[in-house]
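A.B. asks: sequence plus the predicted model coming up.
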Amino acid sequence: MLAFAVRRILYSIPVLIVASFIIFALGSASADPLAPLREKNPPAPQNVIDAETIRLHLDQPLLQRYFSWLGGIFTGDFGPSVVSTANIGADLGDRFLVTIRLIALAMVIALILAVVIGVLTAVKQYSKFDYTATFLGFLFLAMPAFWFAILLKQAGIEFNGLVGTQAIYTIGQASVPPPQGTGAYIADIIGHMILPTISLALISYAAWSRFTRASMLEVMNSDYVRLARAKGLTRRTVMVKHGLRTALIPLTTVTALDIASIIGGAVVTENVFQWKGMGDYLVNSIRMNDVYATASWLLIAATVVIAFNLIADLLYGVLDPRIRYA
Amino acid sequence: MPETLVKSPDREFTVEERSQAQLVFRRFLQHRAAVVSLCVFVVLILLAYVGGWLWKYDAGQYTPDNSVPPSWDHPFGTDSAGRDQFAQVLRGTRISLQVSVSVAILATLVGTLWGSVAGYFGGWVDTLMMRISDLVLTLPLIAVAAMLAHNFGGSWYLIALVIAALYWAYVSRVARGVVLSLREKEFVEAAKALGASDTRIILRHLVPNALGSILVNLTILVALAILLETSLSYLGFGVTPPDTSLGLLVSEAQTALTTRPWLFYFPGLFIIIIALTINFIGDGLRDAFDPQQTKVRQ
Amino acid sequence: MKRTRAAAAAAVATAAALVLAACGGGGGAGGSSGGVYGDCATDPNTCNSAAPDQLQQGGTVTLASEKNIDNWNVISSEGNTDWTGMATKPLLTYAFYTSPDLKPTLNTDLLDSADLTNPTTVTYKIKQDAVWSDGTPVTADDFAMSWKWQNTRDCPECETAGNGGYDLIQSVTGSDNGKTVTVALSQPYTDWQSLFNSAAPLFPAHIGAQQGDLNSPAGLKAAFDYFGSTVPNYSAGPFLVENWQDNVALTLVPNPKWYGATKPKLDRIVIRVITDATQEPLALQNNEVQALFPQPQVDIVNQLQNIPNVSQYQAAGLSWEHFDFNLVNPFLADKALRQALYTSVNVQDIIGKTVGQFNSDIKPLTNKMFVPGQDGYQDNLTATGQGAGNVDAAKKILTDAGYTGVGTALVAPNGQAVPTLRMRYTVGNAVRQTESELFAASAKQLGVNVEIQTTDSLGTTLSTGDYDVIVFGWIMSPAPFGGAQQLWLSTSASNYGKYVNPTVDQLINEAASSTDINAARAQLNDADKIMAEDAYVLPLYQKPTLAAVQNTLGNVRNNASLDGITYNTSEWGIRSGS
């Protein structure tokens, strides 16, 4: 098991390095970090552009830039941003924490919802509940994320109007300055989290509940569950002890493999709700043609995805005794 | 559509193949949601292509009615510049469908071939090719798409290329999985024994037998691509004027929810209808191709 | 199957609900003022006023900012953004600012007087009690550092945003303990009030001196960069920085050493970074912010109109849209064709389909040197008939000039067919798309085909002259004379369309170094009339700026100049009893 993990990690390193090169080369080839300067009205003087060229290492060949970037990362230096005062590493660190908070909570909520709804729809197959849940699941899958988020925002404001207090916030991850008192502070944080978390969770929930339902149905129709029932165990015991556990194993994999698309979903969600997390950073960096910032972002995202894949593989082995790592 | 399945891989088995196609078709018909969806989808395509052509206003045409709500003259209202929103939505639908269908076809072609070759040959070829697929899958799609689209994009075919360049890896994984399971089947052994070339085995035996899963995936890709294009448009990295798309229309209208709701809801509704019907069609196809799943349902 | 029917029914129900919701709402026509802003159109400088005794002591006001602050040195090329300027306005001090009526106004908090003592000498008298927040007096040294950064001689490495006029300064000397500043110019400078104005405010030289010797280029550069990268812990304005969260918010609290006449009433001003302006109206409705200053768009304006207890006002700003011809094109080198094309364009119609959607007051702009409200503005365009959308008159111009095929396929007098013209606009800009398409439609009526292409790099397209017709925006300088030199001289880098007229050059240059400001204005207007007759640039309209506030806020008002909404934060307050 440990040997497997170590081998997998070693195996990931070349993938990451090749990925980092492709990311960097694509970014450098396609974006001109000096373009915004030239776009200025009036245009920036030539000496400004020359100084920027040197500061951003644009006078060096691509390979040299790549290796100095890669080398710098090990010392915590993610390269120069087009914003001369910015520190890419520090910015990404702060924003990583913001995004993790959003993603983790949304994933937990989505998982709980998906398991509960997935199991219930499987158990009560072809009931009205099943139809409604199935249709809603398909509807969420078909809805543009930001479109739904905008509707949610409007609903949040209507809700505030109904209850007569400012319970739900639409902008940012906390009030500035933070309210006094622990209770008010926690209420403020929760009030800011509600809408973005719901909008991010519902998208993943839809796919996962469909998946849970399918694997639950498969397990329920398997021979060993029938045998357990035939032995005289109650339906409930069979469900929880045998059915659920087996059905959930593949869900862990699916969840972990979905991390890339959840990060993608967070990019949109953060923009709608103006959370200053990774997603917001990416969009700004791309808009400013900030090659180092964009490449660093992608590298971090790729590392997270690879880590999650690794965790999924390991978890699969822990949960499913049939799997042996050779 | 089941007709495409009639292209049988082996002439000797033509009769049996057709009956299999009929079987699939019959099973598809039993999935009512899928059938209804297929009808809605066909109507939508007709509306977008024929309807847009017949409609009295062109998408780019300026009328004197600026920002009017829906009426008989403008069933979906008009925008600030007085362009008929119904014509705009139909044009957006055409381009969005063009984008997503191009993505689905391109990604499926490349991904299927890639995955089949990897799965069939195995060994280091497989390892190398799948590492490359993994590499693509490692990156959050929307992030890379945004980066590429920001610098290359703007017109619909470039956006389609960018999205397809990232989606093929998903297809290659599915195709490889199917091919791996088929590779050891008797008919492949038989073909090999008869001296068929690798190319022939891949193209005539493996790919057609993997067609079911691939077709299901293709429909899902159409829905995914339309939603991804919408997200890109929202972030400002999608199709840009003078091209248009449903995603662009709905993102331009994001502030119009309470003030000019017709601009916000109609393009959004069309996106939902397209993605919803396609997902149901995909669901129906999955049931039709996978009788075991249907057995569970009964 | 039952399942399908239920699903189908649900689908229909959802669709019906959405459609009903879509039909339920109504659109607003989009007026521009009301509520506490009712009198802004007539009294831009004093609308929404509240006397100090009508304001409560304390309270927090949150203002939404569309941009992050990346560089705190607003004089630097990187820091010279609208929102960095507005966010630092409560911290920095300056000689002149632009009031909401677009007139340069003396900053009487800092100065007793600023006068042109002779045509080449400006004397500033600083108030004795004017100090930085650490107690150090504001002196001539602060003026000198700002000048040295910007004169291009003392600090060539300092990447300043612009250096209009500072290169003309020969010396900055202090007397009377540095409280009197004497600025010697090498020649008369009509725009002298733009020197040390709020666009290039003063920074504390005593803090700059800690970074290096301010008499050396290296020391100046070190100070210049220090002020860019360091969150200000100094202030000579009514507020001090309490906290800065990158990309999130700037929190300001009153400066205890503030020497100005009006003491701040607020406990706190928060400038909240909301980079997507479309999210701002909802945040205002939800009371997460209390004041907005976004770029107006039709839905933002209408959304604000539906929010109770919120007022908004659009003021005509300094930036303006225009069509430009590239005279390098041999066909466009002919004045008759240019005049005809501009005559066939209906500017009022273009406004109606763009900015007119949210502001019915916007009128065609008829001057390229001044905007309405600035002294010197007059109508130089209407007499030429351009922008009137008069196709018959346009056709007559062409026929008279010897063109054939007018209205079908235009042929120049020399027998060559007028080729398809390439018109460019910035990709993704829907307003300019509409403007371009309407231009193409009117050109079509004369028999000229216009092919519209987008550009993803406006700067490159302009500087390489890769267009026949182009639509973009200029920002009118609050210093009109230097601004005219920058935009309209034939030798200027901004002369993208290669317009050359020696008379215009002469008039503009004379106006910029004049000793008689009224004569200078007349000269600029003469130049503008010649340019209008030459039909090189067709001005369309001024872009408005939009301010929206909760009605409880007093003294927060729209300032359409670069000074922006924060030009008077010391007066801001929350009305008592609200």
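C.D. replies: Arrived safely. Remember, it's a predicted structure, so these values are computed and weren't measured experimentally.
A.B. asks: hmm, C:Asn568 is touching C:Ile269, no?
C.D. replies: No. Applying CB atoms under 8 Å, one finds C:Asn568 not in contact with C:Ile269, separated by 11.8 Å. Where C-beta positions appear, they are placed from N, C-alpha and C, glycine not excepted.
A.B. asks: so between the two, which is more surrounded?
C.D. replies: Under the neighbour definition other CB atoms under 10 Å in any protein chain shown, C:Asn568 and C:Ile269 were set side by side, and C:Ile269 has more, 25 against 20.
A.B. asks: mind listing what the more buried one touches?
C.D. replies: Applying CB atoms under 8 Å, 6 or more residues apart in numbering or on different chains to C:Ile269 gives the contacts C:60-63, C:90, C:239, C:251-252, C:569, C:572.
A.B. asks: out of these, which is nearest to chain A?
C.D. replies: Closest approach between those and chain A, by CB to the nearest CB: C:Thr251, at 5.9 Å.
A.B. asks: enumerate the residues of the stretch 101-250 of chain B near chain A.
C.D. replies: Residues of the stretch 101-250 of chain B lying close to chain A (CB under 8 Å from any CB of the partner chain) are B:131, B:134-135, B:137-144, B:146-148, B:150-152, B:223, B:227, B:230-231, B:234-237, B:247, B:250.
A.B. asks: sec struct for the residue nearest to A:Arg55 when sequence neighbours are not counted, please.
C.D. replies: Leaving aside its chain neighbours, A:Arg55 sits nearest to A:Pro80 (5.7 Å; criterion: CB to CB, 6 or more residues apart in numbering or on different chains). Following DSSP: H, G, I helix; E, B strand; the rest coil, A:Pro80 is assigned to coil.
A.B. asks: could you do the one 5 residues further on as well?
C.D. replies: In terms of secondary structure, A:Thr85 is coil; the call rests on three-state DSSP.
A.B. asks: follow-up on the earlier one: export the contacts of C:Ile269 as JSON lines, with columns for distance to A:Tyr205, pLDDT and neighbour count.
C.D. replies: Formatted as JSON lines, the contacts of C:Ile269 follow (distance: CB to CB, whole Å; pLDDT from 0 to 100; neighbours: other CB atoms under 10 Å in any protein chain shown):
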{"residue": "C:Thr60", "distance to A:Tyr205": "38", "pLDDT": "94", "neighbour count": "15"}
{"residue": "C:Val61", "distance to A:Tyr205": "39", "pLDDT": "96", "neighbour count": "24"}
{"residue": "C:Thr62", "distance to A:Tyr205": "34", "pLDDT": "96", "neighbour count": "23"}
{"residue": "C:Leu63", "distance to A:Tyr205": "37", "pLDDT": "96", "neighbour count": "28"}
{"residue": "C:Pro90", "distance to A:Tyr205": "46", "pLDDT": "95", "neighbour count": "26"}
{"residue": "C:Phe239", "distance to A:Tyr205": "46", "pLDDT": "97", "neighbour count": "26"}
{"residue": "C:Thr251", "distance to A:Tyr205": "37", "pLDDT": "96", "neighbour count": "21"}
{"residue": "C:Leu252", "distance to A:Tyr205": "42", "pLDDT": "97", "neighbour count": "29"}
{"residue": "C:Thr569", "distance to A:Tyr205": "46", "pLDDT": "94", "neighbour count": "24"}
{"residue": "C:Trp572", "distance to A:Tyr205": "45", "pLDDT": "95", "neighbour count": "28"}
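A.B. asks: and the pLDDT for residue 50?
C.D. replies: If you meant another chain, say so; for now it's chain A. With respect to pLDDT, A:Asp50 has a value of 85.
A.B. asks: that answer is for a different chain, and I need it for chain C
C.D. replies: 90.
A.B. asks: these two touch, right, it and C:Thr552?
C.D. replies: No. C:Ala50 is beyond contact range of C:Thr552, at 9.9 Å (criterion: CB under 8 Å).
A.B. asks: common neighbours of those two, please.
C.D. replies: With CB under 8 Å, 6+ apart, C:Ala50 and C:Thr552 have common neighbours C:Arg575.
A.B. asks: quick one on the thing from earlier: quick one: buried ones out of the residues of the stretch 101-250 of chain B next to chain A?
C.D. replies: Neighbour counting by 16 or more other CB atoms under 10 Å in any protein chain shown classes B:134-135, B:137-144, B:146-148, B:150-151, B:223, B:227, B:230-231, B:234-237, B:247, B:250 among these as buried.
A.B. asks: in the stretch 151-300 of chain A, which segments are predicted with low confidence?
C.D. replies: Scanning the stretch 151-300 of chain A for pLDDT under 70 picks out no residues.
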